[in-house]
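Visitor: Just need the structure, nothing else, for what follows:
(chains A and B)
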Amino acid sequence: MIGGFLTTLKLSAVCLFFSVIIGVVGAWLQGSSFKWTRRFVNGYIQLFRNTPPLVQLYFFYFAIGTLLPTVENDWGGESPLLGNFAWAAISLSFFAGAFNVEIFRSGIEAVPKSTVEAAEALGFTKLQIYKDITLPLAFRVALPALNNNLVNLVKTTTLAYAIAVPDLLYESNQIWSDNVNVTEMMIFLLIAYFVLVGVLVAGMNRWERSLKIPGYG
Amino acid sequence: MKLRTLKTIAAAFVAVGIGMGTASADALDTIKERGKLIVGVKADYIPYGFLDTSGAIIGIEPDLAKDVADKLGVDVEYVPVVSSNRMQFLEQGKIDLMIATMTDKPDRRKVVNIVDPNYYSSGTNVLALKKLGLKSWDDLNGKPVCGIQGAFYNKATSQKYGAKIVAFKGTAEAYAALKGGNCAAFVYDDSAIVAKTKDDAWSEYEMPLPTIDDAPWGLAVQLGEDAFATLMSEMIVDWHKTGRILELETKYGVANTPFAQAMHEEYK
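Guide: I've put the predicted structure just below:
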């Protein structure tokens, strides 16, 4: 049970981290002057935003997973390079990352063009403008939408139970099957996720407040 | 609330008592007079009792019931039953004989006359790669083992033998994960596993361990029908002796189960 809770925490943390990274990098590449980079990012967004996360999980685990080279494991068999936890982390990060790219884009587009032009006039490079000027301002605008998506991501980690990642829901399912205490486990699960997501939301709200610039946004 | 439940149960027992009192005529005489043997079988459990495309009940158990009717020289009529009503149908005399995938349990023997020996059985085993060379359940210690979410043997396999259960929603996913090398073995019903090992696509896999949690199935007649029970007991011994059950398994496309093979060896 505690193991299940820790797995959920770990999976959530990993996916939150990588999905935000994907969002930041993706939004930057979207503004690239190379046509094919922009096309690639848009293709990625379309693919991952327009397919259900459960289908993606199954696809990664059962379709891609079996195509990868296998490695000798400690019980004398051949197992795939990546296990179910790794695939859940990859798949959910890409899923949430696709949304994050669009969320960051909305923030970037809200940054006044004149600000960017001023930075260009001062001799900033493209990367510097993005890193030091556009992104910090965009972040403040995008944060409420980002909160929403990250809350959704934590809740979506429950889907990993379809590929047998022993998260909170998976462990609870085995417990209620063995002990026939379905009602109690349902109540526990609801409260556990409520508290978990509550902690995340409280943290994000604090962050949002601390980033506030008087007179902006 | 509790008192009322107790009263209901008591009333049910009284009703059962009255029911048994009235069924005093010998069942064998009744069947012969009627010219028809009425058997309760499953209609939703492939291959043991299911409906064909025309809606007729067929399967291993209906075929066994037909054997009994042939022996008595009467026609056979199948009554579809489900697990929750099969014993009640027999008690109330709606059916003469029940062959309905019922696990033989001591508390059930108090309600109906379960005939010895058991005619069938199923238990838990694993499907694993031959090259792993598994010998005992303890060999699973520390290895990932695929399973089905919610199955009762997951707990036993992980707590008693130290396997790490990787449980999926359905059998198809578990088989795919086993094939993909995500687990060392798949823990499931032995009858299904035997069928898989005969499949060409699974030729590298085997069922290497002794079956555990083996639960024998019993067919039943009404309590007090000793003459009928003796006849049925002879029928079952005869089925095992002649390999009739093995033959029916083959007919309905299931591989021979270890229990049926062992019984055939014993009575041969």
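Visitor: As a check, name the ranges of all helices in the chain.
Guide: All of this refers to chain A. A:2-30, A:35-49, A:53-58, A:65-67, A:84-110, A:113-121, A:126-128, A:135-156, A:168-179, A:182-210 (DSSP state H).
Visitor: ah, I was thinking of chain B
Guide: Remark: helices assigned in chain B by DSSP H are B:2-22, B:27-34, B:60-72, B:86-91, B:106-109, B:153-161, B:171-179, B:190-197, B:226-242, B:244-251, B:258-267.
Visitor: Save those as TSV, and put in distance to chain A too.
Guide: Backbone N, C-alpha and C define where each C-beta goes, glycine included. Converted to TSV, the helices of chain B look like this (distance: least, CB to the nearest CB, whole Å):
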stretch	distance to chain A
helix B:2-22	18
helix B:27-34	38
helix B:60-72	28
helix B:86-91	22
helix B:106-109	18
helix B:153-161	5
helix B:171-179	5
helix B:190-197	17
helix B:226-242	34
helix B:244-251	30
helix B:258-267	25
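Visitor: Now render these as CSV, adding mean neighbour count, mean pLDDT and distance to B:Tyr48.
Guide: Output for the helices of chain B, formatted as CSV (neighbours: other CB atoms under 10 Å in any protein chain shown; pLDDT from 0 to 100; distance: least, CB to CB, whole Å):
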stretch, mean neighbour count, mean pLDDT, distance to B:Tyr48
helix B:2-22, 10, 56, 27
helix B:27-34, 15, 91, 23
helix B:60-72, 20, 94, 5
helix B:86-91, 20, 90, 13
helix B:106-109, 10, 85, 18
helix B:153-161, 17, 84, 20
helix B:171-179, 20, 86, 18
helix B:190-197, 20, 76, 10
helix B:226-242, 17, 94, 14
helix B:244-251, 18, 92, 10
helix B:258-267, 17, 89, 12
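Visitor: My guess is B:Gly49 contacts B:Met98. True?
Guide: No: using CB atoms under 8 Å, B:Gly49 is not in contact with B:Met98, being 11.1 Å away.
Visitor: As TSV, the helices of chain A with distance to B:Met87, mean neighbour count and mean pLDDT would be great.
Guide: Conversion of the helices of chain A to TSV gives the following (distance: least, CB to CB, whole Å; neighbours: other CB atoms under 10 Å in any protein chain shown; pLDDT from 0 to 100):
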stretch	distance to B:Met87	mean neighbour count	mean pLDDT
helix A:2-30	39	18	92
helix A:35-49	54	14	94
helix A:53-58	41	18	94
helix A:65-67	46	15	82
helix A:84-110	43	22	94
helix A:113-121	80	12	92
helix A:126-128	77	12	90
helix A:135-156	45	18	92
helix A:168-179	25	19	83
helix A:182-210	26	13	91
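Visitor: Is it possible to get TSV of the ones you listed that adds distance to B:Asn85?
Guide: Shown next, in TSV, are these (distance: least, CB to CB, whole Å):
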stretch	distance to B:Asn85
helix A:2-30	38
helix A:35-49	50
helix A:53-58	37
helix A:65-67	45
helix A:84-110	41
helix A:113-121	76
helix A:126-128	74
helix A:135-156	42
helix A:168-179	25
helix A:182-210	24
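Visitor: And the residue of the stretch 101-250 of chain B closest to chain A?
Guide: Nearest residue of the stretch 101-250 of chain B to chain A: B:Gly150, at 3.8 Å (CB to the nearest CB).
Visitor: Now that residue: closest residue in space that isn't a chain neighbour?
Guide: Spatial nearest neighbour of B:Gly150, excluding adjacent residues (CB to CB, 6 or more residues apart in numbering or on different chains): A:Ser177 at 3.8 Å.
Visitor: cool, B:Glu249 as well?
Guide: B:Glu249 sits nearest to B:Asn256 (CB to CB, 6+ apart), 5.3 Å away.
Visitor: who's in contact with the one you found?
Guide: Taking CB atoms under 8 Å, 6 or more residues apart in numbering or on different chains, we find B:Asn256 in contact with B:194, B:246, B:249-250.
Visitor: Kindly recompute the last result at 10 Å.
Guide: Going by CB atoms under 10 Å, 6 or more residues apart in numbering or on different chains, B:Asn256 touches B:191, B:194-195, B:198, B:243, B:245-247, B:249-250, B:264.
Visitor: B:Ala227 against B:Ala27, yeah?
Guide: Yes: contact criterion CB atoms under 10 Å: B:Ala227 and B:Ala27 qualify, at 7.7 Å.
Visitor: In chain A, what residue lies closest to chain B?
Guide: For chain A, CB to the nearest CB, closest residue to chain B: A:Ser177, 3.8 Å.
Visitor: what's near enough to touch that residue?
Guide: Counting by CB under 10 Å, 6+ apart, A:Ser177 makes contact with A:185, B:148-152, B:154-155, B:167.
Visitor: Just give me the closest of those to B:Phe186.
Guide: B:Ile148 (8.9 Å; CB to CB).
Visitor: shared neighbours, B:Gly49 and B:Met98?
Guide: Overlap of the contact sets of B:Gly49 and B:Met98 (by CB under 10 Å, 6+ apart) consists of B:39-41, B:61, B:65, B:81.
Visitor: about what we covered before: JSON lines for the contacts of B:Asn256, including distance to B:Glu77?
Guide: Below are the contacts of B:Asn256 laid out as JSON lines (distance: CB to CB, whole Å):
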{"residue": "B:Ser191", "distance to B:Glu77": "28"}
{"residue": "B:Val194", "distance to B:Glu77": "32"}
{"residue": "B:Ala195", "distance to B:Glu77": "30"}
{"residue": "B:Lys198", "distance to B:Glu77": "34"}
{"residue": "B:Gly243", "distance to B:Glu77": "27"}
{"residue": "B:Ile245", "distance to B:Glu77": "22"}
{"residue": "B:Leu246", "distance to B:Glu77": "27"}
{"residue": "B:Glu247", "distance to B:Glu77": "24"}
{"residue": "B:Glu249", "distance to B:Glu77": "24"}
{"residue": "B:Thr250", "distance to B:Glu77": "26"}
{"residue": "B:His264", "distance to B:Glu77": "29"}
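Visitor: from what I can see B:Ala184 touches B:Thr157, true?
Guide: No: contact criterion CB under 10 Å: B:Ala184 and B:Thr157 do not qualify, at 11.7 Å.
Visitor: what touches both of those two?
Guide: Counting by CB under 10 Å, 6+ apart, the shared contacts of B:Ala184 and B:Thr157 are B:126, B:140, B:145, B:163-164.
Visitor: Among the residues you listed, name the buried ones.
Guide: Buried subset of the shared contacts of B:Ala184 and B:Thr157 (neighbour count, 16 or more other CB atoms under 10 Å in any protein chain shown): B:126, B:140, B:145, B:163.
Visitor: contacting residues around the second one?
Guide: For B:Leu140, the contacting residues are A:75, B:126, B:128, B:132, B:134, B:157-158, B:160-165, B:184-185, B:187, B:209, by CB under 10 Å, 6+ apart.
Visitor: circling back: max pairwise distance over the shared contacts of B:Ala184 and B:Thr157: which two?
Guide: Using CB to CB, the shared contacts of B:Ala184 and B:Thr157 span at most 13.4 Å, a distance reached by B:Val126 and B:Lys164.
Visitor: what is in contact with these two at once?
Guide: The contact sets of B:Val126 and B:Lys164 overlap at B:140, B:145, B:157, B:183-184 (CB under 10 Å, 6+ apart).
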